[in-house]
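Participant: what shape does this take:
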Amino acid sequence: MTGPELAAAIAKTHAAGRVLAWTLGPMDIHADCQTAWAAWENHGQVGDATAMRPMTWFESATLRRDGDHWLMTFLHATRVDPGSRGKPPRRSPLRSSFPPLWREPRVQPTPETPAKGARPSPLPPSR
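Facilitator: Numbers count the residues shown, from 1 in each chain. Model (predicted):
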């Protein structure tokens, strides 16, 4: 869903008489010079003028720097099952699911140290 599609869906919901109210909880935010990502809990209520129903979502977003502005490149929300009593799923989106910015360099296999499970080459090593 694009940003305008999301805004249109919310406007359509409001036009149908539905009320959306939410409060963002503690945020887990990470950033470097060009990218940023965050995860948070969204506690809210959804309903109409007669009754509101509490709901909770786990949400995350990524942003990319574009000159003097930040652009949102990804937004995700997972609704929490009411039976879970607000407990996060086993792999909580509040724990960073993003890969580390730096990884150990991989060792390139050589004839002296072949890759694990590799078959030996029938050709002699090049010199």
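
Participant: leaving out the residues flanking it, which one is nearest to L75?
Facilitator: A61 (4.7 Å; CB to CB, 6 or more residues apart in numbering). For every residue, glycine as well, the C-beta is placed using N, CA and C.

Participant: for the host helix or strand of W57, name the packing helices and strands.
Facilitator: Applying DSSP states H and E as the criterion places W57 in strand 52-66. The contact analysis (3 or more CB pairs under 8 Å, 6 or more residues apart in numbering; DSSP states H and E) places strand 52-66 against strand 35-47, strand 69-79.

Participant: ranking these by burial, who's on top?
Facilitator: strand 35-47 (a mean of 17; mean count of other CB atoms under 10 Å).

Participant: which other helices and strands contact that one?
Facilitator: Packing partners of strand 35-47 (3+ CB pairs under 8 Å, 6+ apart): strand 19-31, strand 52-66.

Participant: which residues are in contact with the shortest one?
Facilitator: Strand 19-31 is touched from outside by 10, 13-14, 36-49, 52, 94-96, 98, with contacts defined as CB atoms under 8 Å, 6 or more residues apart in numbering.

Participant: let's see that with 6 Å instead.
Facilitator: Residues from elsewhere that reach strand 19-31 (CB atoms under 6 Å, 6 or more residues apart in numbering): W37, A38, A39, W40, E41, N42, H43, G44, Q45, V46, G47, L94.

Participant: all set now, cheers.
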